[in-house]
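# Return atomic coordinates for the entry below.
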Amino acid sequence: MRVALPEEVKQARRVISEQERLLAEAQAKVQQALEEQGLLAAAEAERARLIEQAERDAMSIRAGADEYATQVLSELEQRLQKLTASVQNGLGELRQNSTR
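A predicted model of the protein is given here:
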């Protein structure tokens, strides 16, 4: 019995050692998962911030484009009004000359 007991103690120590190793490995995996979740949360927050900034930039660009288009179309309208007035004046002159 004295011979068997030390072998059982050695085996028990190996089992305990293996359990401690597995427990440490599990704790390390849990810690890594928690850290990854933190990184994922940070990445998600950064993604949301970038999307919000991109939407603000897009709105600003659209507003600028609309303002530019309004300016160009207003200038074009003024030119067309002047040209229309010139054409009407020219037609009026021709009509007056043809009645003489």
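
# Let me see the mean pLDDT of the strand or helix carrying Ser86.
Using DSSP states H and E, Ser86 sits in helix 4-98. For helix 4-98, the mean pLDDT works out to 92.

# Gln78 and Thr70, how far apart?
Distance of Gln78 to Thr70, computed by CB to CB, to the nearest Å: 13 Å. Any C-beta I mention is one placed from the backbone N, CA and C, and that applies to glycine too.

# and Val30, how many residues sit next to it?
Here the count is done by other CB atoms under 10 Å, and Val30 has 10 residues near it.

# residue contacts, it?
Taking CB atoms under 8 Å, 6 or more residues apart in numbering as the definition of contact, Val30 has no neighbours.

# How far off centre is the helix holding Ser86?
Its chain's C-alpha centre and that of helix 4-98 lie 1 Å apart, by CA atoms, centre = their mean, to the nearest Å.

# Begin at 324, not 1, for the rest of this chat.
Sounds good: first residue 324 from here, last item helix 327-421.

# center of this protein, which residue is that?
In the chain, the residue lying closest to the centroid (CA atoms, centre = their mean) is Ile374, at 2.9 Å.

# mind listing what that one touches?
Under the criterion of CB under 8 Å, 6+ apart, the contact list for Ile374 is empty.

# Over to Leu399?
In this structure, Leu399 makes contact with no residue, judged by CB under 8 Å, 6+ apart.

# mind checking how far it is from Leu345?
Computed as CB to CB, the Leu399 to Leu345 distance reads 78 Å.

# What of Ala408?
Distance of Ala408 to Leu345, given as CB to CB: 93 Å.
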